[in-house]
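> quick one, structure for this:
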Amino acid sequence: MNMAIDEYLMTHATDTPVFRIYGWSNPCVSIGYFQSINDIDFQKCKTEAVGVVRRITGGGSVFHEKELTYSFVSRKYPQKILDSYQEICQIIVSGLGTLGIDAKFSPLNDITVDGKKIGGNAQTRKNGALLQHGTILLEVNKEKMFSLLKVPAEKISDKKISDAKYRVSQISKTFDQVAESLKDSLKLVFGCQTLPATLEQSELESCKKIAKERYSNPDWTLKR
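Numbers count the residues shown, from 1 in each chain. Next up, the predicted model:
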């Protein structure tokens with residue numbers, strides 16, 4: 001449903017951007033649109049009752065558990081990929097700053113604290129609308145995370161890091177603390193007012209249909 005709602009928001013994007021903050025009812029691994037299912041330990045995910053879903057955004061695999069996830073949908077955005085990541089990620093950097101966390105945007109699409117990754121982002125663009133997914137790690141079980149995700153050896157060597165899990169950190173804040181900081185940050189970064197929004201029942205039904213036909217469909221999940 002999380003992925004279905006984000007797809008629905010993008011498909012029905014208007015001139016008013018939407019920033020959605022959410023969590024996960026159960027642990028889940030999301031894989032990027034272009035990724036192979038072999039980039040994760042799919043059997044271990046099944047054994048440990050960890051859901052697996054393929055996103056419509058690109059990027060790598062993400063283990064969702066104790067974190068805050070967000071999506072940003074807009075028809076107004078910088079056309080250059082790096083510029084768009086930097087502009088949207090400024091919401092996160094600014095928000096965490098109000099919590100006393102010295103976060104930085106690390107190109108192309110990471111958020112770091114003291115050089116360690118506490119969040120990542122991924123995008124897709126279609127029919128004039130942009131969808132960006134992002135995560136902020138509140139707490140992280142590194143052993144569990146990297147038992148489910150497979151990190152390519154070339155990625156590690158490229159970054160000159162012997163073990164990828166040492167690049168990952170957490171911010172040790174509550175979901176509500178971070179959510180409130182991001183709401184306030186939106187106003188500062190974009191100089192705008194924020195209005196709470198909910199989906200109508202008919203819209204939720206449309207999302208359920210998308211979830212059933214795409215994100216619950218093994219043909220979609222295992223397509224690569």
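> helix or strand, whichever it is, which one in this protein has the lowest mean pLDDT?
Sorting the helices and strands of the chain by mean pLDDT, DSSP states H and E puts helix 153-158 at the bottom, at a mean of 52.
> per-residue confidence for Gln177?
Predicted confidence (pLDDT) for Gln177: 97.
> name the nearest residue to it, ignoring sequence neighbours.
Closest residue in space to Gln177, ignoring its immediate chain neighbours: Leu99 at 6.3 Å, by C-beta to C-beta, 6 or more residues apart in numbering. Quick note: C-beta positions are derived from backbone N, CA and C, even for glycine.
> do Glu139 as well
Leaving aside its sequence neighbours, Glu139 sits nearest to Lys66 (C-beta to C-beta, 6+ apart; 4.0 Å).
> what's the burial count for the one you found?
The local packing of Lys66 (other C-beta atoms under 10 Å) involves 14 other residues.
> same check on Val73?
Number of residues near Val73 (other C-beta under 10 Å) recorded here: 23.
> and it, how far is that from Asp41?
Distance of Val73 to Asp41, given as C-beta to C-beta, to the nearest Å: 31 Å.
> same deal with Thr135?
Distance from Thr135 to Asp41, by C-beta to C-beta: 20 Å.
> compare these two (neighbour count), which wins?
Legend: neighbour count by other C-beta under 10 Å for Thr135 and Asp41, higher for Thr135 (21 against 17).
> does the more buried one belong to a helix, a strand or coil?
strand (DSSP: H, G, I helix; E, B strand; the rest coil).
> longest strand in this structure, please.
strand 116-126 (DSSP state E).
> quick one: the helices in this structure?
For the chain, the helices defined by DSSP state H cover 2-11, 42-47, 81-97, 142-148, 153-158, 175-190, 201-210, 218-221.
> average model confidence for the fourth one?
Throughout helix 142-148, pLDDT has a mean value of 91.
> what's stretch 101-114 in contact with?
Residues from elsewhere that reach stretch 101-114 (C-beta atoms under 8 Å, 6 or more residues apart in numbering): 59, 81-82, 85-86, 89-90, 92-93, 96-97, 117-123, 134, 136, 169, 171, 173.
> gap between the two ends of it?
10 Å (C-alpha to C-alpha, to the nearest Å).
> the residue lying closest to Gly95 once chain neighbours are set aside: what's it in contact with?
With sequence-adjacent residues excluded and distances taken as C-beta to C-beta, 6+ apart, Gly95 is closest to Ser185, at 3.5 Å. By C-beta under 8 Å, 6+ apart, Ser185 lies in contact with Ile91, Ile92, Ser94, Gly95, Thr98.
> just for this protein, where's the confidence low?
152-163 (pLDDT under 70).
> what's the nearest residue to the residue most central in space within it if we skip its chain neighbours?
Among the residues of the chain, the one closest to the centroid is Gly134, at 2.8 Å (C-alpha atoms, centre = their mean). When the adjacent residues along the chain are set aside, Gly134 lies closest to Asn121, with 4.3 Å between them (C-beta to C-beta, 6+ apart).
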